[in-house]
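Novice: Okay, structure incoming, though there's no sequence with it:
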């Protein structure tokens, strides 16, 4: 699983991300590079975890050792989610700004618009500040509110969500990372053997907000647009 996560992550970086640095790899070349890097990382992680398991085996708590192992592995899937989040949600935020910057610079809107570096920095900074200031409540809801998340469940949920978001990004489809991770957490909760492990009240509230948010923000955006047009002529 480690090698698979690393392979997908490095494949995306090598095949798409390095083009911005004028390093153009074909899909086959990127796959070979990603496979080699994934193999090296997988072997290193396996060796490290095997060494730790030998030390922990003396304690006679195999279940605890599994949780600790997935706790380390979840660091990789958390990075995977962050990468997918940047590939989709940041693009959603800075896309209109990049278009406006292009209009200001060239006087017209082109069919394909490049994204200046300062726009990327601004988008990344906004993500960081939003997470630092308001992200704790959302993390609490995702980590404890919907269902109890263990390292193994978190690994499965994050891997599924990040892969889905990255696939949508490859297709050019804007989707919400938050909505996707909530869906994966629900799937993990439904897969548990215990009954009543999902907070249905919280889920109903969340779904209601999702349904209302689209017409609400559409109305707000329309009002702001008409106000600005009336103000600026």
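Specialist: Right, received. Where do you want to start? No experiment lies behind these values; they were computed from the predicted model shown.
Novice: What ranges does the protein have for its helices?
Specialist: Assigned by DSSP state H, the chain shows helices spanning 2-15, 27-57, 62-106, 117-140, 151-170, 177-191, 200-232.
Novice: Tell me which other helices or strands the longest one touches.
Specialist: Counting contacts by 3 or more Cβ pairs under 8 Å, 6 or more residues apart in numbering; DSSP states H and E, helix 62-106 packs against helix 2-15, helix 27-57, helix 117-140, helix 151-170, helix 177-191. Just so you know, the C-beta spots here come from the backbone N, C-alpha and C atoms, and that holds for glycine as well.
Novice: Could I get the average pLDDT for the longest one?
Specialist: For helix 27-57, the mean pLDDT works out to 72.
Novice: And for the shortest one?
Specialist: For helix 2-15, the per-residue pLDDT values average out at 68.
Novice: quick one on the thing from earlier: any idea which of the helices and strands packed on helix 62-106 gets closest to residue 76?
Specialist: Ranking those by proximity to residue 76 (Cβ to Cβ) places helix 2-15 first, at 5.0 Å.
Novice: quick one, domains of this protein?
Specialist: Per the TED database, the structural domains of the chain span 1-59, 203-232.
Novice: Poorly predicted segments of the protein, please.
Specialist: Residues of the chain that meet the criterion pLDDT under 70 lie in 1-3, 5, 12-23, 45, 48-66, 109-113, 195-196, 233.
Novice: that older thread, JSON lines for the helices of the chain, including mean neighbour count?
Specialist: Listed next are the helices of the chain as JSON lines, based on neighbours: other Cβ atoms under 10 Å:
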{"stretch": "helix 2-15", "mean neighbour count": "19"}
{"stretch": "helix 27-57", "mean neighbour count": "14"}
{"stretch": "helix 62-106", "mean neighbour count": "16"}
{"stretch": "helix 117-140", "mean neighbour count": "12"}
{"stretch": "helix 151-170", "mean neighbour count": "21"}
{"stretch": "helix 177-191", "mean neighbour count": "18"}
{"stretch": "helix 200-232", "mean neighbour count": "10"}
